[in-house]
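# have a look at this prediction, sequence included:
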Number of protein chains: 2
Amino acid sequence: MKRYLALSGGVGGAKLAAGLAQALPPDSLLIAVNVGDDFEHLGLTICPDLDTVLYTLAGVVHPQQGWGRGDESFGVLDELRRLGGDGWFTLGDRDIALHLLRRQLLSQGLSLSAVSAELARRLGVAASVLPISDQPVRTIVHTDQGTLAFQDYFVRLRCEPALRAIDFEGAGKARLAPAVRALLASPELAGVIVCPSNPYLSLAPMLAITELRESLRTLKVPVVAVSPIVAGAAIKGPTAKIMRELGVHPQASVIADLYADFVDVVIVDEADAALAAGNPRFAVAPTVMKTVAQKLALANHCIELIGKLHR
Amino acid sequence: MKRYLALSGGVGGAKLAAGLAQALPPDSLLIAVNVGDDFEHLGLTICPDLDTVLYTLAGVVHPQQGWGRGDESFGVLDELRRLGGDGWFTLGDRDIALHLLRRQLLSQGLSLSAVSAELARRLGVAASVLPISDQPVRTIVHTDQGTLAFQDYFVRLRCEPALRAIDFEGAGKARLAPAVRALLASPELAGVIVCPSNPYLSLAPMLAITELRESLRTLKVPVVAVSPIVAGAAIKGPTAKIMRELGVHPQASVIADLYADFVDVVIVDEADAALAAGNPRFAVAPTVMKTVAQKLALANHCIELIGKLHR
């Protein structure tokens, strides 16, 4: 059986992950998810990217915002704010139920992988959705307003501080989750798909795990990436703003540079076809995924491209 | 200034506590509450009796059931059950907000007393509502179905197992909360009121703290108790059932026996007037508290009785 590894962050990555889950049989797909955004809040263990991928694949994600649950209530958050508690991080009631359950399973000694597999099962998600690592990796941002924990920067301050540098605490010591390591070493692995997530905030924390980057570099099967940058802007989120703050001109070709050591081909949007013309490091496809059909089409494009690269 | 100490468990005790809070200026009343029912559930620290007293005094308690919030929603619990999580303990969304806030404050290193004072402040409760101890005391019941943690017995199994014996883990080492100790030693203390809570499950865990029972025994000011048993039955809860299982005939006079070493007078209901006739260890008053006026009247009766006992 041919199997595929997808690397995903939150919203943008989750869309392609959903397409892949539709295109492939469940046991052919492992979606390894960024844990750099994970944090402890109000005594809960919150894994925003894992949750976004799970909710998206379970079909319960909020359709407009792309994260959180669609059919959600905010009884806890409303009361927490009334009581003067920390209300800056939006937590719906259903979301909190998942966090409480995750906390309970973790406190029973299960790894984050085992907990994620159990949560996927309970949400009716057939594909494997796993953390890239069972060890904590925490994104820390150095900004013009000082050093901040990721969610402080991303949610509380809405990415307003200008980014100077990014660190990934724990990445040096973190190992790949066992199932991810096994798949990377498996003769069944057909290819790796890097989803269109923020390269600095979603993919970089994963790639900072030495074991992952080394594995990808020496991999015998194709690695394709989908650019989250379309016509010089990000579909969603602060990718372009961050690129400018880091002194990088936001264009799709940057993705190829960032992943140069392990990616075979970067898929850019039709809007960036000129950029890719005549360059074998690029392929062109519609990358904007608003509909189920668009997600499936891009997923199939990635799978076909991997097939072609094998030949 | 004359000050009063009330000892209270959950629902029944909270009603008299509410009456006392109405009858007395806020800084004249300290309500020390049972912590034997406290437990960890889904990673939350739940203090059922403290919450019941707080909610009752804040005027937000569920008017019929006497615990939990009146205006409550169950978004988290519904989803938790849908996900196959532990749904046996009823937790409303507003309730969960309080538990999350408590957990956060405790994790900052505050004592349960300090956290309870802060939660009272945020709920707009002026009187002091404090745990009897800042150290954990955990009620353990030995039943015909084995040894059970209190909430397992009380909520999950609805008190159905027959009680054989009760233990209070931690009571031997627990000290009184500093404010309770200070009031018991204060020349301002006018008297102590033992609220009509379950003597075995709500008062016994408090009285198992040696420091409390010794203080009450040697106290120079009156101690009055209100019987939770009216005409051989409990107003609410399993007190009478437990008495029968422990081989005790459920009648108001038992309260006087249980508290014989420190209580001056037990107030029994008018329905038990015959029992109390001619016995100076008893006083008679309407003890059924359905209305605000009835709570206030019984509170005033307790305060007046303490005044008379001083003479």
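Good, I have the coordinates. Residues are numbered from 1 along each chain as shown, chains lettered A, B, ... in the order given.

# how about the residues of the stretch 101-250 of chain A by chain B?
For the stretch 101-250 of chain A, the contact set with chain B under C-beta under 8 Å from any C-beta of the partner chain comprises A:Leu101, A:Arg103, A:Gln104, A:Ser107, A:Leu119, A:Arg122, A:Leu123. All C-beta spots, glycine's among them, are computed from the backbone N, C-alpha and C.

# kindly recompute the last result at 7 Å.
A:Leu101, A:Arg103, A:Gln104, A:Ser107, A:Arg122 (C-beta under 7 Å from any C-beta of the partner chain).

# and these, which are buried?
Among those, those classed as buried by 16 or more other C-beta atoms under 10 Å in any protein chain shown are A:Leu101, A:Arg103, A:Gln104, A:Arg122.

# I figured A:Pro286 hits A:Glu270, correct?
Yes - applying C-beta atoms under 7 Å, one finds A:Pro286 in contact with A:Glu270, separated by 5.7 Å.

# now do the same contact list for A:Ala126.
Counting by C-beta atoms under 7 Å, 6 or more residues apart in numbering or on different chains, A:Ala126 makes contact with A:Pro26.

# I'd assumed it was in a helix, is it?
No - using DSSP: H, G, I helix; E, B strand; the rest coil, the assignment for A:Ala126 is coil, not a helix.

# distance of it relative to A:Gly278?
For A:Ala126, the distance to A:Gly278 equals 41 Å [C-beta to C-beta, to the nearest Å].

# report the two of the buried ones among the residues of the stretch 101-250 of chain A next to chain B separated the most.
The distance between the two most remote of these (C-beta to C-beta) is 14.5 Å, for A:Arg103 and A:Arg122.

# which stretches of chain A have low pLDDT?
By pLDDT under 70, chain A has no low-scoring segment.

# so which helix or strand takes in A:Gln251?
Taking DSSP states H and E as the criterion, no element holds A:Gln251; it sits outside all helices and strands.

# what's near enough to touch A:Ser197?
A:Ser8, A:Gly9, A:Gly10, A:Gly12, A:Gly13, A:Leu203, A:Pro228.

# ok, and the most crowded of the residues you listed?
A:Ser8 (32 neighbours; other C-beta atoms under 10 Å in any protein chain shown).

# need the contact list for that residue.
A:Ala14, A:Ala17, A:Ile31, A:Val33, A:Val53, A:Cys195, A:Ser197.

# which non-adjacent residue is nearest it?
Among residues not flanking A:Ser8 along the chain, A:Cys195 sits closest, at 4.2 Å (C-beta to C-beta, 6 or more residues apart in numbering or on different chains).

# repeat that for A:Asp37.
Counting by C-beta to C-beta, 6+ apart, the residue nearest A:Asp37 is A:Pro48, at 4.7 Å.

# would you check how far apart the one you found and B:Arg94 are?
On the measure of C-beta to C-beta, A:Pro48 and B:Arg94 end up 25 Å apart.

# what strand or helix carries the closest residue to A:Ala234 other than its chain neighbours?
Of all residues not flanking A:Ala234 in the chain, A:Ala240 sits nearest, at 4.8 Å (C-beta to C-beta, 6+ apart). Mapping A:Ala240 onto the secondary structure by DSSP H and E places it in helix A:239-245.

# who's in contact with that helix?
Outside helix A:239-245, the residues that touch it by C-beta under 7 Å, 6+ apart are A:Cys159, A:Ala162, A:Leu163, A:Asn198, A:Tyr200, A:Pro228, A:Ile229, A:Gly232, A:Ala233, A:Ala234, A:Pro250, A:Val254.

# again with stretch A:10-30
A:1-6, A:8, A:31, A:48-49, A:52-53, A:56-57, A:66-67, A:126-128, A:130, A:179-180, A:183, A:193, A:195-197, A:202, A:226, A:228, A:235-237, A:289, A:295-296, A:298-300, A:303.

# check stretch A:275-289 too.
For stretch A:275-289, using C-beta under 7 Å, 6+ apart, the contacting residues are A:15-16, A:19, A:196, A:226-227, A:230, A:235, A:251-253, A:256, A:265-270, A:273, A:294-295, A:297-298, A:301, A:305.

# any idea how far that stretch is from the chain center?
Put simply, stretch A:275-289 sits 21 Å off its chain's centre (C-alpha atoms, centre = their mean, to the nearest Å).

# between the two ends of it, how far is it?
20 Å (C-alpha to C-alpha, to the nearest Å).

# what residues sit buried inside it?
In stretch A:275-289, counting by 16+ other C-beta under 10 Å, buried: A:Leu275, A:Ala276, A:Phe282, A:Ala283, A:Val284, A:Ala285, A:Thr287, A:Met289.
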